[in-house]
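Asks: Got a sequence here, can you model it:
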Amino acid sequence: MLKNPAVRPLHIHIPDEDIKDLQYRLKNARWPTPITPSNWADGTDGDYLRDLVHYWANTYNWREREEKLNRFAHYQADVDGTTLHFIHAAATSENATPLLLMQGWPSSFVQVLNIIPLLTGRFEVIAVSMPGYPFTKFPEEHGMSFVRMADLVKKLMVDVLGFARFAARGSDQGALVQQQIGLKYREHVIGLHRTGITPFLSPQPNDLSEAEVAYQQKVAAWAPEETLYARFQSLRPETLTPALSDSPVALASWFIEKFQRWGDCDGNVDAHFGRDALLDNLSLHWFTNAGAASVRIYREVFRAWGLTGRVAAPTAIIMPLKDAVTVPAPREWAERFYNVQRFTVMERGGHFAEWEVPQEIAEDIKTFFEGLK
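Replies: You can find the predicted model right below:
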């Protein structure tokens with residue numbers, strides 16, 4: 001499978017000068033005058049950010065973390081004029097099901113590293129990074145929408161890697177790309193497993209259930225505050241990208257707030273995600289300049305959303321109650337978008353579920369796809 005000439009192994013090795021440049025920028029950051037008291041209510045907590053940056057510059061060891069990342073088998077594939085990154089993890093059993101894993105912003109493949117070993121007993125895992133994420137080719141012109149990404153990922157899975165049919169698990173942007181795959185390439189999809197559901201549908205249906213009416217009322221109160229980041233990145237990303245490309249402190253401030261707000265961390269982002277793992281994600285975005293490239297996806301989606309309709313493939317929905325980036329939806333709302341065969345409300349875990357509660361997500365994936373057999 002991996003002998004296709006379009007596929008080549010990737011050994012992660014960041015040049016020494018790039019590491020020294022990062023440390024210099026971190027140690028010589030220009031800080032604003034602090035506001036008292038420092039907390040997360042006004043945005044990224046200033047005291048926390050200063051402590052994180054000091055640790056990043058003086059204690060965090062990229063070479064040690066790089067070695068751990070390289071314990072996974074990384075590849076790059078040339079697909080239709082662009083380059084995709086993916087991790088391949090072979091199954092430990094025969095007749096395993098190919099499983100596509102994808103995540104979204106502001107994460108990276110770091111999000112799925114904990115869950116991959118839990119899945120290889122039944123699945124051959126392909127964890128794909130979308131264009132704009134670390135070790136991919138960054139789009140240089142408009143047009144890299146979710147449906148375009150769906151075309152590329154389908155070609156990778158079917159035409160390059162040789163899987164006629166595959167299962168898929170996604171969250172955030174990754175789930176939306178897989179939704180497009182389900183709408184456009186139904187014949188290749190065994191089933192979809194995703195976290196959450198989009199709260200928006202235009203025009204809004206006139207046959208909402210009582211639960212859906214209550215849900216939409218909550219969405220109306222939530223959206224003006226919690227979707228501001230997405231609206232900004234959708235409309236004016238080029239105002240932000242120079243800061244994310246030039247300053248690792250700006251990158252950390254813009255990204256880390258999302259983990260603190262969206263994760264089920266009860267305010268302690270380090271204890272929940274692991275400080276080194278959070279910095280793995282930030283470092284990958286910094287070294288590859290994906291921190292700037294990934295936010296541009298929002299603009300491309302705003303310009304062209306993609307296909308609409310109901311995915312016919314069997315679908316499992318995980319609905320975490322602690323995901324602050326959205327409002328937990330009732331099952332009947334999810335059924336407007338998908339052929340829902342399994343709907344699991346999760347008391348634990350937030351937006352980055354594979355990272356936060358990998359055991360629970362892995363078990364739900366296995367139970368769902370085993371049932372489809």
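
Asks: burial count for the closest residue to K322 other than its chain neighbours?
Replies: Computed as CB to CB, 6 or more residues apart in numbering, the closest residue to K322 that is not its neighbour in sequence is D264, at 3.6 Å. For every residue, glycine as well, the C-beta is placed using N, CA and C. Neighbour count for D264, taken as other CB atoms under 10 Å: 20.

Asks: ok, now the one 3 residues further on?
Replies: For G267, the neighbour count with other CB under 10 Å is 11.

Asks: which ones are touching it?
Replies: Shown in contact with G267 (CB atoms under 8 Å, 6 or more residues apart in numbering): W40, Q260.

Asks: Quick check: nearest residue in space to L84, chain neighbours excluded?
Replies: Nearest residue to L84, sequence neighbours excluded (CB to CB, 6+ apart): A77, at 5.1 Å.

Asks: Keeping just the C-alphas, turn the helix or strand hosting that neighbour into CSV.
Replies: Using DSSP states H and E, A77 sits in strand 73-79. Taking C-alpha atoms only, strand 73-79 is exported to CSV below (Å, rounded to 0.1, in the frame of the first residue of the first chain):
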residue,chain,number,x,y,z
ALA,A,73,5.2,6.4,11.0
HIS,A,74,4.8,9.7,9.2
TYR,A,75,4.3,10.1,5.5
GLN,A,76,3.7,12.7,2.9
ALA,A,77,1.7,12.1,-0.3
ASP,A,78,1.5,14.0,-3.5
VAL,A,79,-2.2,14.3,-4.4
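
Asks: If you count neighbours, what's buried in that strand?
Replies: By 16 or more other CB atoms under 10 Å, the buried positions in strand 73-79 come out as H74, Y75, Q76, A77, D78, V79.

Asks: Can you list the strands that the following helix or strand past that strand pairs with?
Replies: For strand 73-79, the succeeding helix or strand toward the C-terminus, using DSSP H and E, is strand 82-89. Strand 82-89 has the following strand partners under DSSP bridges: strand 73-79 (antiparallel), strand 123-129 (antiparallel).

Asks: Show me what secondary structure element comes after strand 82-89.
Replies: That would be, after strand 82-89 and using DSSP H and E, strand 97-102.

Asks: could you give the angle of that next one to strand 123-129?
Replies: 20 degrees (axes from the mean of the first three to the mean of the last three CA atoms, to 10 degrees).

Asks: what helices or strands is the helix or strand that strand 97-102 is followed by leaning on?
Replies: Downstream of strand 97-102, the first helix or strand assigned by DSSP H and E is helix 116-119. On a contact count with 3 or more CB pairs under 8 Å, 6 or more residues apart in numbering; DSSP states H and E, helix 116-119 meets strand 82-89, strand 123-129, helix 358-372.

Asks: just to revisit the earlier point, turn the strands paired with strand 82-89 into JSON lines, including mean pLDDT.
Replies: Listed next are the strands paired with strand 82-89 as JSON lines, based on pLDDT from 0 to 100:
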{"stretch": "strand 73-79", "mean pLDDT": "97"}
{"stretch": "strand 123-129", "mean pLDDT": "98"}
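
Asks: Nearest to E212 among the ones you listed would be which one?
Replies: E212 sits nearest to strand 123-129 of all the strands paired with strand 82-89, at 32.8 Å, using CB to CB.

Asks: How about residues contacting that closest one?
Replies: For strand 123-129, with CB under 8 Å, 6+ apart as the criterion, the contacting residues are 84-91, 96-102, 108-109, 112, 116, 119, 135-136, 153, 156-157, 161, 163, 166-167, 365, 369.

Asks: Give me the angle between that strand and helix 358-372.
Replies: Relative orientation of strand 123-129 versus helix 358-372 (the same axes, to 10 degrees): 120 degrees.

Asks: Can you name the next helix or strand after strand 123-129?
Replies: Beyond strand 123-129 toward the C-terminal end (DSSP H and E), the next one is helix 146-154.

Asks: For that next one, list the C-alpha coordinates in PDB.
Replies: Extracted C-alpha coordinates of helix 146-154, given in PDB (Å, rounded to 0.1, in the frame of the first residue of the first chain):
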ATOM      1  CA  PHE A 146     -14.100  21.600   2.600                       C
ATOM      2  CA  VAL A 147     -15.400  20.000  -0.600                       C
ATOM      3  CA  ARG A 148     -12.000  20.500  -2.300                       C
ATOM      4  CA  MET A 149     -10.300  18.900   0.700                       C
ATOM      5  CA  ALA A 150     -12.800  16.000   0.500                       C
ATOM      6  CA  ASP A 151     -11.700  15.400  -3.100                       C
ATOM      7  CA  LEU A 152      -8.100  15.300  -2.000                       C
ATOM      8  CA  VAL A 153      -8.600  13.000   1.000                       C
ATOM      9  CA  LYS A 154     -10.800  10.600  -1.000                       C
END
